[in-house]
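> just need the structure, nothing else, for what follows:
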Amino acid sequence: MSTARDSLLPPTGSAHTESHNPISKLQQERDFLQRVKQGWLDTVDAVGSPMVVHDWDFRIVRANRAYATLAGMDFTELIGLPYYECFPKIAGPLNQCRQCLAGVTPHAGETIPDEEFVLDSGDIFVSHVYVVGNGEQLQTIHVFEDVTERRQLQEALARSERHYRKLIEEASDAFYVIDQSGAITYRSASGKRLTGYDDAEILGKPFSTFIAPDSLASAQQALGKAIKQSGWDSRVEIRVVCKDGNIIDVEATGRNMLDDPDVNGIVVTLRNETERRRAERALRDSEETLRSIATAAQDAIIELDNAGCVTFWNGAAERIFGYRYDEAIGQELHPLLAPAHYLSSSWEGFTRFRNSGEGPLVGKTLELTALKKGGIAFPIELSLSATSIRGRWHAVGIVRDITSRKEAERQLQLFRTMMDQSNDLIVVVDPTTLDLIDVNERTCQELGYTRSALLLTRQ
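Just a heads-up that it's a prediction; the model follows:
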């Protein structure tokens, strides 16, 4: 059975034939060497990377098919031409070859450092150089490797790394990595902005060193749980001591990545919550203040949502209308408090209000009639305003029971009617200033003045 290697060996014959046919033997050896040479050339041509062999004058001795393709020439056209004119089509030899011209001539088998170059097309190649031969027969082999895709991938990876690093470094949140002992092994630049500590002051130190005493127990408990459970996430609110001594409120989020060889730690994210918590406290204080004012107010304060249902009902509203808080909240206001003859116009006005925040009663103070629990009608004074909450219009009404005022006005009108019907001269005088307060019609007739003119004079 023959092999590929057997095809390169000279044919065997009897010793008698070989000894008496030296010409035949020489031809066989020559054929054998030709087959070996052709086999090598075929192997080189099969290599996908461009290869070229040149002498010390940089002229091409041999090139493979890939090189000829890049050069855009036939093999026969390449032989004897300066390689750099064919490919990579530059003005002179690569720096690798210039080193040889400068006397840095390697021995056969030695290599010269790789050289990278960029074509006008943007493609990137690396030239690997090998020296072969001996004496004056030294030749140089260039193997050109196309690394365009590799460099593009490397650049994309580098850009991605820069992108995410910048996101981390410029983020308002601070990122830390804590090892299994609780020591800080990494801190993002945003961590310095948050706490003021330099890397030298914090790296390698226990994380607990920078926790306020009143938060230390909860922080250590959360860290202990994170260390014990791979992949465990935790969230805890703690207080951190800054370099300047100030204590800030932070939300700490931790994730166990000890099993990840690229991290090998607990990743902790700190978010400054100081301003939010201060705002929340201020909001709670403000709400409490407003609630106290609304509770103490003598007028009813009522809020309606966009559907016309009661969302706020203070103590004065309970007293004035007779409905407890739990009886009024969530109820539609108009059927609850408006007389039947007002319902149609009330709904028309509120439909316009819920879409635009405008209506016939908005921004005005009006005297109306309302119903107490049990259907008892009584006079009220209503001041109505509009407010937008999450893009929906709500109404806030301040209601005053004016029953007593209306009764006083009725009594005053009755008294004036009685004065004007009297035939006696009646004058009402302020006992302190002696200014005229009122006069009846009979007095005006006798004195010949109008009531308004008399009220501007003194008695």
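> quick check, Thr185 in a strand?
Yes: using DSSP: H, G, I helix; E, B strand; the rest coil, the assignment for Thr185 is a strand.
> for the closest residue to Arg319 other than its chain neighbours, grab phi and psi.
Using C-beta to C-beta, 6 or more residues apart in numbering and skipping residues adjacent in sequence, the residue nearest Arg319 is Ala300, 7.9 Å away. Placement of C-beta: from N, CA and C, glycine included. Main-chain dihedrals, Ala300, degrees, to the nearest 10: phi -70, psi 130.
> give the full set of residues in contact with Ala300.
By C-beta atoms under 8 Å, 6 or more residues apart in numbering, the residues touching Ala300 are Asn314, Ala316, Ala317, Arg319, Ile320, Phe321, Gly397, Ile398, Val399, Arg400, Asp401.
> which parts of the host helix or strand of the fourth one are buried?
To tie it back to what came earlier, the one meant is Arg319. Assigned by DSSP states H and E, Arg319 belongs to helix 315-321. By neighbour count on 16 or more other C-beta atoms under 10 Å, the buried set for helix 315-321 is Ala316, Ala317, Glu318, Ile320, Phe321.
> one more: stretch 250-263?
Buried residues in stretch 250-263 (16+ other C-beta under 10 Å): Val250, Glu251, Ala252, Thr253, Gly254, Arg255, Asn256, Met257, Leu258.
> do I have it right that the fifth one meets Val268?
Yes: under the criterion of C-beta atoms under 8 Å, Gly254 makes contact with Val268 at 4.8 Å.
> next, count neighbours for Asp401.
20 (other C-beta atoms under 10 Å).
> same question for Arg187.
Arg187 has 23 neighbours, counted by other C-beta under 10 Å.
> quick check: closest non-adjacent residue to it.
Closest residue to Arg187 apart from its sequence neighbours, by C-beta to C-beta, 6+ apart: Tyr176 at 5.3 Å.
> and the one you found, what element?
Tyr176 belongs to strand 174-178, assigned by DSSP H and E.
> with His394 instead?
Going by DSSP H and E, His394 is in strand 392-401.
> show residues contacting that strand.
298-306, 311-312, 317, 320, 350, 353-357, 362, 370, 378-388.
> before we move on, what about stretch 431-447?
Here stretch 431-447 makes contact (C-beta under 8 Å, 6+ apart) with 416, 419-420, 422-430, 450-451, 454-455, 457-459.
> from these, list the buried ones, please.
Counted by 16+ other C-beta under 10 Å, those give Met419, Leu454 as buried.
> can you tell me which of the contacts of stretch 431-447 are in strands?
For the contacts of stretch 431-447, the ones inside strands are Val427, Val428, Val429, with DSSP state E as the criterion.
> contacting residues around the second one?
Taking C-beta under 8 Å, 6+ apart, we find Val428 in contact with Leu436, Ile437, Asp438, Val439.
> same thing but 7 Å
Residues counted as contacts of Val428 (C-beta atoms under 7 Å, 6 or more residues apart in numbering) are Ile437, Asp438.
> look up how far Ser190 lies from it.
79 Å (C-beta to C-beta, to the nearest Å).
> where do the strands of the stretch 301-450 of the chain begin and end?
For the stretch 301-450 of the chain, the strands defined by DSSP state E, counting those that start in this stretch cover 310-313, 365-371, 377-389, 392-401, 427-429, 436-439.
> deepest of these, which one?
strand 310-313 (a mean of 20; mean count of other C-beta atoms under 10 Å).
> and it, what does it pack against?
Contact here means 3 or more C-beta pairs under 7 Å, 6 or more residues apart in numbering; DSSP states H and E; on that basis strand 310-313 packs against strand 300-304, helix 325-328.
> include mean pLDDT when you put the ones you listed into TSV, please.
Converted to TSV, those look like this (pLDDT from 0 to 100):
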stretch	mean pLDDT
strand 300-304	92
helix 325-328	94
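> deepest in the core, which of the ones you listed is it.
strand 300-304 (a mean of 21).
> now do it: distance to the chain's middle.
39 Å (C-alpha atoms, centre = their mean, to the nearest Å).
> could you give the angle of it to strand 365-371?
Comparing the axes of strand 300-304 and strand 365-371 via axes from the mean of the first three to the mean of the last three C-alpha atoms, to 10 degrees yields an angle of 90 degrees.
> how is Ser215 assigned, secondary-structure-wise?
Following three-state DSSP, Ser215 is assigned to helix.
> quick one: contacts for it?
Ile238, Arg239.
> what's the pLDDT at it?
On the pLDDT scale, Ser215 is placed at 89.
> about what we covered before: spatially, which two of the contacts of Ala300 are the most separated?
Arg319 and Gly397 (15.7 Å; C-beta to C-beta).
> quick revisit: what is the nearest of the ones in strands among the contacts of stretch 431-447 to Val53?
Of the ones in strands among the contacts of stretch 431-447, the one sitting nearest to Val53 (C-beta to C-beta) turns out to be Val428, at 131.7 Å.
> quick one, helices of the stretch 201-350 of the chain?
216-228, 274-296, 315-321, 325-328, 333-337, 340-356 (DSSP state H, counting those that start in this stretch).
> for the ones you listed, which one sits closest to Tyr164?
helix 216-228 (23.0 Å).
> hang on, the earlier thing: and the gap between the residue nearest to Arg319 and Asp55?
Relative to Asp55, and taking C-beta to C-beta, Ala300 is found at 108 Å.
> hmm, back to that, check the buried residues of helix 315-321 and tell me the two furthest apart.
Top of the distance list for the buried residues of helix 315-321 (C-beta to C-beta): Ala316 and Phe321, 9.3 Å.
> show me the shaky parts of the protein.
Low-confidence segments of the chain (pLDDT under 70): 1-20, 32-34, 36-43, 100-111, 134-136, 170, 231, 457-459.
> residue ranges of each domain in it, please.
Listed domain ranges for the chain are 1-42, 47-147, 171-277, 297-401, 410-454 (source: automatic domain parsing).
> in CSV, list the ones you listed along with distance to Asp285.
Formatted as CSV, these follow (distance: least, C-beta to C-beta, whole Å):
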stretch, distance to Asp285
domain 1-42, 90
domain 47-147, 64
domain 171-277, 12
domain 297-401, 18
domain 410-454, 45
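> and for Asn318, nearest residue in space, chain neighbours not counted?
To be clear, residue 318 is Glu; Asn isn't right here. Nearest non-adjacent residue to Glu318, counting by C-beta to C-beta, 6+ apart: Arg324, 5.8 Å away.
> I'd say that neighbour and Gly315 touch.
No: judged on C-beta atoms under 7 Å, Arg324 makes no contact with Gly315 at a distance of 10.2 Å.
> residues touching the residue nearest to the spatial centre of the chain, list them.
The centroid of the chain falls nearest to Ala171 when counting by C-alpha atoms, centre = their mean (9.0 Å). Going by C-beta under 7 Å, 6+ apart, Ala171 touches Ser190.
> re earlier: what is the nearest of the buried residues of stretch 250-263 to Ala340?
Nearest member of those to Ala340, counting by C-beta to C-beta, is Glu251, at 55.0 Å.
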